[in-house]
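Q: Fold the stuff below for me.
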Amino acid sequence: MAKNPSPHPDWAVKFRRPGTELRCIKGRYCLYECHCEYDKETKKHRKVTGKYLGSITEQDGFKPSKKRLMEAEMEKLKNGENTEAASPKIGEVKEYGLSQIIDSSMDEINDMLRKDFPADYSRILALAYCRLRYQSPMRDVQADFSDSYLSTKVGTAGLAPSQLSGFLHDLGSRRSGMVRYMDYFCSGSSNVIFDGTDMLSASRLMGLPQLTKTKTGAFEKAFNMMMVYSLDYRLPSYYRILPGNIKDVKAFKICMQESGAASATAIIDKTFPSLENLDYLEEAGIKYIGSLKRNTAGLDYSAFADRSNRNLDGHFIYQGRVLWYKEMAVGGRRAVMYLDEEHRIEENRDYINRADSERYEKFTLEGYHGKAIQFGTIALITNTDKTARELYEAYKTRCEVEQAIDVFKTNLDADSTYMQSPESLEAYTFINFIALQWYYIIREKLRAAEKLSKYSPMQMVKYLSRIRGVYVHGKWTRAEMSKKQTDLLAEIGWDIT
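A: Now for the predicted structure:
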């Protein structure tokens, strides 16, 4: 029998390959990359030890290092290969209800993500799940997602904090894919609502955050985010990140073009419709509906002076309230003014109470006489051919995008960020945007089942997360539920089996 020329045992040596070096460190056998380099000074070749590859034991053989395993995972993910989820143990328990809803009731969103991000789908899904359920920071994603039934389908590969950092940077550099995804929800919409908000940032390494006056009234480092809400899909459908010193007006045209919503009607608030801004929209071929400030030049309130409303053009019922309206021209554009009698009484009472209290210097009886004719009115300006009723109903939905922004900032805890590059910030925003869309699908199910007054979407997320799944007889099975839980899910229309 030939002797082993190496000082190491045969069971360790057999794992050594060309280009590797075997070392014994404190009784532990380790395998490293190794190669030779020519040293010009000594004119000799010298050995250069490279990366640590793994450890070797007599019982288990070669065990790759965690870093090598992570690199192999990343390579598979980049190539679009499926990574195997860990084999479940008998009796293992995981969150089941929310996972099943995301897997079975979000088909439209999930199918588009698979199409536009085939290699990144599993990690986008995991990150969005963790943002919706836990509002997880990146360091907790792998552990939080491991508790879900979804993790048994897509695995937890590539979710370690060190892996997510590079992933976010790479994902954020591919906004074209994000725009392609969002175009699906925008381009088919006939009515969209635009709004913007400021988002705080703690980053000192990128130029997007700028010192600006935020909506709180303070000057802070922030960037701006434009968001679009599709009335047809009843979903947030588009976002765009802007430097903090660029406001909504300047970004509007590009956002409309990029979102694919250029053929839709944009519904805008009263801070936007200056004559200059309206010219800007019309030159870009954008249809709009916007509200006007009550002191806008050209608004004629005289028709509302007669309480019999005989000089108005008509009326309709909106949510049980009578709305009268009068069409007029303002700055050569079509405008419609509306009067809500109940709202007029409320404004009248509020103003008189403030004037009589003497605590509000700006509220006087003289001021009341000058403004009373405007109480209960709102004026909309448009370049569409919608009827007076259609205009009003479309405009009143703009609270949807304001609510979407509030959910994004508050419920998803995304009002501030520590991302240190524009690419990572883009990816982080996109992932929260997916979670926001899931939130709105849950909200729409509650609304359709007339349960929205009793359960908020976030309450329902927690409710669903309490439904557990158990691994028995070689498959995952929903754990027992109470009759109250079963009845509620049936009323909403969810089948969790």
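Q: quick one: the closest residue to Tyr463 other than its chain neighbours from Lys115, how far?
A: In space, and not counting its chain neighbours, Tyr463 is closest to Tyr455: 7.2 Å by CB to CB, 6 or more residues apart in numbering. Heads up, the C-betas are built off the backbone N, CA and C, glycines and all. Here the criterion is CB to CB, to the nearest Å. By it, Tyr455 lies 32 Å from Lys115.
Q: Please identify which of those two sits among more neighbours.
A: Each of Tyr455 and Lys115 has its neighbours counted (other CB atoms under 10 Å); Tyr455 has more, 18 against 13.
Q: Let's verify the more buried one: helix, strand, or coil?
A: For Tyr455, the assignment made with DSSP: H, G, I helix; E, B strand; the rest coil gives coil.
Q: I'd assumed Lys462 was in contact with it.
A: No: contact criterion CB atoms under 8 Å: Tyr455 and Lys462 do not qualify, at 9.8 Å.
Q: contacting residues around the residue nearest to Asp195 when sequence neighbours are not counted?
A: Nearest non-adjacent residue to Asp195, counting by CB to CB, 6+ apart: Val401, 4.5 Å away. Each residue near Val401 by CB atoms under 8 Å, 6 or more residues apart in numbering is listed here: 193-195, 227-229, 236.
Q: So which elements touch the helix or strand that contains Arg349?
A: Using DSSP states H and E, Arg349 sits in helix 341-357. Contacting helix 341-357 under the criterion 3 or more CB pairs under 8 Å, 6 or more residues apart in numbering; DSSP states H and E are the following elements: strand 321-330, helix 365-371.
Q: The longest strand along the chain pairs with which strands, and in what direction?
A: Longest strand in the chain, counting residues (DSSP state E): strand 44-57. When pairing is defined by DSSP bridges, strand 44-57 lines up against strand 28-39 (antiparallel), strand 61-64 (antiparallel).
Q: Save these as a markdown table, and put in mean neighbour count too.
A: What follows is the strands paired with strand 44-57, written out as a markdown table (neighbours: other CB atoms under 10 Å):
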| stretch | mean neighbour count |
| --- | --- |
| strand 28-39 | 14 |
| strand 61-64 | 14 |
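Q: Now do the phi/psi pair for the residue nearest in space to the middle of the chain.
A: The residue lying closest to the centre of the chain (CA atoms, centre = their mean) is Phe433, at 1.4 Å. Dihedral angles of Phe433 (phi, psi; degrees, to the nearest 10) stand at phi -60, psi -40.
Q: Now do it against Val228, distance only.
A: Distance from Phe433 to Val228, counting by CB to CB: 11 Å.
Q: joint contacts of those two?
A: Common contact partners of Phe433 and Val228 (CB under 8 Å, 6+ apart): 236, 239.
Q: Output the below-cut-off pLDDT ranges for the stretch 351-497 of the chain.
A: 415-416 (pLDDT under 70).
Q: Which stretches in it count as strands?
A: Taking DSSP state E, counting those that start in this stretch to define them, one finds strands in the stretch 351-497 of the chain at 377-382, 416-417, 468-472, 475-478.
Q: Kindly report the same for the stretch 101-250 of the chain.
A: For the stretch 101-250 of the chain, the strands defined by DSSP E, counting those that start in this stretch cover 191-201, 210-213, 219-230, 235-242.
Q: wait, isn't Ile90 in contact with Tyr471?
A: Yes: using CB under 8 Å, Ile90 makes contact with Tyr471 at a distance of 6.2 Å.
Q: ok, these two, which is more surrounded?
A: Tyr471 (18 against 9).
Q: residues touching that one, list them.
A: For Tyr471, the contacting residues are 88-93, 477, by CB under 8 Å, 6+ apart.
Q: where's it relative to Thr152, distance?
A: 8 Å.
Q: between the two, what contacts are shared?
A: The contact lists of Tyr471 and Thr152 share Pro88, where a contact means CB under 8 Å, 6+ apart.
Q: Report the contact partners of the nearest residue to Asp120 once chain neighbours are set aside.
A: Using CB to CB, 6+ apart and skipping residues adjacent in sequence, the residue nearest Asp120 is Leu171, 6.0 Å away. Applying CB under 8 Å, 6+ apart to Leu171 gives the contacts 117, 120, 124, 423, 426-427, 430.
Q: Same list (the residues you listed) but as TSV, adding distance to Ile286.
A: As requested, those are exported to TSV (distance: CB to CB, whole Å):
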residue	distance to Ile286
Phe117	30
Asp120	33
Ile124	31
Glu423	30
Glu426	25
Ala427	29
Phe430	25
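Q: Quick check on those: which are buried?
A: 117, 120, 124, 423, 426-427, 430 (16 or more other CB atoms under 10 Å).
Q: thinking again about what came up before, just the buried members of the contacts of Tyr471?
A: The neighbour count (16+ other CB under 10 Å) marks Pro88 as buried among these.
Q: Narrow the contacts of Tyr471 to those in strands?
A: 93, 477.
Q: Report pLDDT for Ala305.
A: Looking at Ala305, its pLDDT reads 88.
Q: ok, back up a step: of all the contacts of Val401, which comes closest to Thr384?
A: Ile193 (14.3 Å; CB to CB).
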